[in-house]
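Visitor: quick one: sequence plus predicted model below, questions after.
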Amino acid sequence: MPKKKVAELLIERLVQWGVDTIFSLPGDGINGIYEVLRVNEKKIKLVQVRHEEAAAFAACAYAKYSGRLGVCLSTSGPGGVHLLNGLYDAKFDGQPVLAITGHTFHDLIGTHYQQDLDLDKLFMDVAAYNERIMGPSHVHNVVDEAIKTALSQRTVVHINIPKDIQEWKMNGHYSVANVPAHSANIYKLSRPIPSQAELQDAAAVINGGEKIVILVGRGALDAGEEILKLAAMTQGVVIKALLGKAVIPDDSPYTTGGIGLLGTAPSQDAMQECDTLIMVGTSFPYMEFYPKQSVRTVQVDIDPTRIGLRHTVEVGLTGDCREVLRTLINFLEQKQDKSFLEKSQERMKRWNGLLHAQGTRMDKPLKPQVVAFQLNGLVDNNCIICSDTGTVTTWAARHIFIRDGMQFSASGTLASMANGLPYAVGASMANPGRQVICLCGDGGFSMLMCEMATIAKYKLPVKVIVFKNNALGMIKWEQITLEGNPEYGAELHPIDFAMFAKSCGVAGFTLDDPAQAESILREALNTPGPVVVDALIDPHEPPMPPHVSSEQIWHFAESMMRGEKNRWDILKTVIEDKIRHMF
């Protein structure tokens, strides 16, 4: 029987762990691994991306939309450097991703050889487990430890293999301490439950409350049924952090939608008026949107380091959110007073009326809210939504209504631009045949627009909607409303994205008339295969927060007075929007 090479042992072990997809761009530092992937193409699908950053983003999305390990592979030197942004996205959003990188020849490391970049050291911050394979007898041990770490800690791990070591063959020699076959490809999920005393303490806080808010995040995505039961027991209001948007449907009578700058006014009102806060699977970072610190708080999180991170917590429950809630509910009293919930529901009716009015406007230029709102009645009930970062995130967060069975994600804590397209690649690869909707701004789209070629190559049924305002919109509005400065450096040179799509062999549509929004979007979604819709939206439409602070008003006025060149168009748009909100 021929002796197996390190690269063969690596791929063999990944297969044994259930890995079936790897996102990568080839390079000479990983040619040994690529040859083994070629031979094993029926066992592991190699998805060739156009940029290593996209490989890492796609691996993160694969993990987000499948619940499984995401894997990306890059060559030595610059290839590994390119992975970092997508890997930090996975780390910050708690996703299990394995990054595998090449290196130069093992006996030339540290001698200023070509692409002699020490990726082990470079990845020290991003990777919870970070190891270089030193030979054939080292492979299984390292792969097993890396994958177990990624899955158990929901984080990024890194394996580095020098170019020549990939070709080394197993000779049956192990160190004295390394007992052959001692490492197992077994991972058992831990679902800890707090003690009965802790559960009773938490229940006492909740039972003593009269105005309950339940703030949910990505850690509660598999606990939607339990969240609804908790809301029914407490007559509480469910508020969703961005990555928790799909925890429960947006038409639930218990939710007021999102929180923060991308959120809703009813959510912010409920936060300010509640007397009890239950945080489930979230560490929503913007502390200015939490209730006052004196509000009694119970927090449920699988990570004990997140307990009390954002808000003063009276009782912390560490464990899997779904399992903890299932047990906690047994200790709760059924509340009868619905006044707090009903008050929020009345506010939500008015808010939804405002969203409907914004989403059905027929004035020109085309409003971004119209594009997002019109998608709601057209997408599949089980579609996957991938949102890029920018003003487009506001329109996605507020105007895309999640139905039961849909999935949603974005670059959360990292809030990186350019995640949208590679997210769509990862989501589609993880869910073959399922409808994937990718919402991008023109800034984020153009950063990694080369990945349209990846989508075209694999014929992924991704529908990309580009919100084009020829500007880095979020940066522009931050300059104006947060800093009081006129916009500078945020304008973009126009690109015809529909024409670009066609050059990639993908169907392209142009949308600039609100009267045609529904028909064009319907045609685009019904077109087989990948599609790009180039939506030309009003560049002066601001992503207004749910409540505008006096400081934001002052900075806005200051920016206008200091010479914002588009001030008259911006003022006209803002005044028109304000009048519409009043009526």
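Guide: Nice, I can see it. Remember, it's a predicted structure, so these values are computed and weren't measured experimentally.
Visitor: which non-adjacent residue is nearest the most centrally placed residue in the chain?
Guide: Centroid check for the chain by C-alpha atoms, centre = their mean gives residue 410 as the closest residue, at 3.0 Å. Distances taken as C-beta to C-beta, 6 or more residues apart in numbering place residue 387 nearest to residue 410, at 4.0 Å, with adjacent residues excluded. For the C-beta atoms, the positions are set from N, CA and C on the backbone; glycine is no exception.
Visitor: shouldn't that neighbour be in contact with residue 412?
Guide: No - counting by C-beta atoms under 8 Å, residue 387 sits too far from residue 412 to count as a contact (10.2 Å).
Visitor: between the two, who's got more neighbours?
Guide: When residue 387 and residue 412 are compared on other C-beta atoms under 10 Å, the one with more neighbours turns out to be residue 387, at 28 against 23.
Visitor: tell me which residues touch that one, please.
Guide: 393, 396-397, 408-410, 420, 439 (C-beta atoms under 8 Å, 6 or more residues apart in numbering).
Visitor: could you identify the most distant pair in the residues you listed?
Guide: By the measure C-beta to C-beta, 397 and 420 form the most distant pair in the contacts of residue 387, at 13.9 Å.
Visitor: the two - which one has more neighbours?
Guide: For residue 397 and residue 420, the more surrounded residue by other C-beta under 10 Å is residue 420, and the numbers stand at 31 against 24.
Visitor: what sits closest to the more buried one if chain neighbours are left out?
Guide: residue 388 (3.2 Å).
Visitor: any idea how far residue 64 is from the one you found?
Guide: 14 Å (C-beta to C-beta, to the nearest Å).
Visitor: next one: residue 145
Guide: Taken as C-beta to C-beta, the span from residue 145 to residue 64 is 23 Å.
Visitor: one more: residue 191?
Guide: In this view, residue 191 and residue 64 are 20 Å apart by C-beta to C-beta.
Visitor: ditto for residue 502
Guide: 30 Å.
Visitor: same drill for those two, tell me which one is more crowded.
Guide: Taking neighbours as other C-beta under 10 Å, residue 502 and residue 64 compare with residue 64 leading, 30 against 13.
Visitor: which stretch of helix or strand covers the more buried one?
Guide: Using DSSP states H and E, the element containing residue 64 is helix 52-66.
Visitor: I'd like to know which elements that helix is packed against.
Guide: Contacts defined by 3 or more C-beta pairs under 8 Å, 6 or more residues apart in numbering; DSSP states H and E place helix 52-66 against strand 21-24, strand 70-74, helix 78-92, strand 97-103, strand 407-410, helix 420-430.
Visitor: 7 Å instead?
Guide: The contact analysis (3 or more C-beta pairs under 7 Å, 6 or more residues apart in numbering; DSSP states H and E) places helix 52-66 against strand 21-24, strand 70-74, helix 78-92, strand 97-103, helix 420-430.
Visitor: looking at those, which is nearest to residue 4?
Guide: strand 97-103 (17.2 Å).
Visitor: residues in contact with the helix or strand following that closest one?
Guide: Proceeding N to C from strand 97-103, the next assigned helix or strand is helix 119-122, under DSSP H and E. Helix 119-122 is contacted by residues 80, 101, 103, 130, 132, 160 when judged by C-beta atoms under 7 Å, 6 or more residues apart in numbering.
Visitor: what about the closest residue in space to residue 76 that isn't next to it in sequence, neighbour count?
Guide: The shortest distance from residue 76 to any non-neighbouring residue, by C-beta to C-beta, 6+ apart, is to residue 29 (3.2 Å). As a burial measure, residue 29 scores 28 neighbours (other C-beta under 10 Å).
Visitor: list the contacts of residue 29.
Guide: With C-beta under 7 Å, 6+ apart, residue 29 has these contacts: 75-77, 79, 102-103, 115, 163.
Visitor: quick one: the helices in the stretch 151-300 of the chain, in order.
Guide: 196-207, 224-234, 265-273 (DSSP state H, counting those that start in this stretch).
Visitor: what comes into contact with the last one?
Guide: Residues outside helix 265-273 that contact it (C-beta under 7 Å, 6+ apart): 211, 213, 237, 239, 256-259, 289-291, 344, 347-348, 351, 546-547.
Visitor: got any ranges where the stretch 451-583 of the chain has weak pLDDT?
Guide: Counting by pLDDT under 70, the stretch 451-583 of the chain shows low-confidence ranges at 482-483, 546-583.
Visitor: picking that back up, so for the residue nearest to residue 420, what's the pLDDT?
Guide: You'll see residue 388 listed with a pLDDT of 98.
Visitor: any idea how far it is from residue 470?
Guide: In terms of C-beta to C-beta, residue 388 sits 16 Å off from residue 470.
Visitor: so for the two, which sits in the more crowded spot?
Guide: Each of residue 388 and residue 470 has its neighbours counted (other C-beta under 10 Å); residue 388 has more, 30 against 16.
Visitor: who are the neighbours in contact with that one?
Guide: Contacts for residue 388 (C-beta under 7 Å, 6+ apart) come out as 417, 419-420, 439-441, 444-445.
Visitor: so where does the residue lying closest to residue 249 once chain neighbours are set aside fall, helix or strand?
Guide: Computed as C-beta to C-beta, 6+ apart, the closest residue to residue 249 that is not its neighbour in sequence is residue 404, at 4.8 Å. Per DSSP H and E, residue 404 falls between elements, in no helix or strand.
Visitor: so residue 404 touches residue 251, yeah?
Guide: No - between residue 404 and residue 251 there is no contact under C-beta atoms under 7 Å: 8.8 Å.
Visitor: find residues that contact each of the two.
Guide: Among the neighbours of residue 404, none is also in contact with residue 251 (C-beta under 7 Å, 6+ apart).
Visitor: burial check on residue 124, number of neighbours?
Guide: 11.
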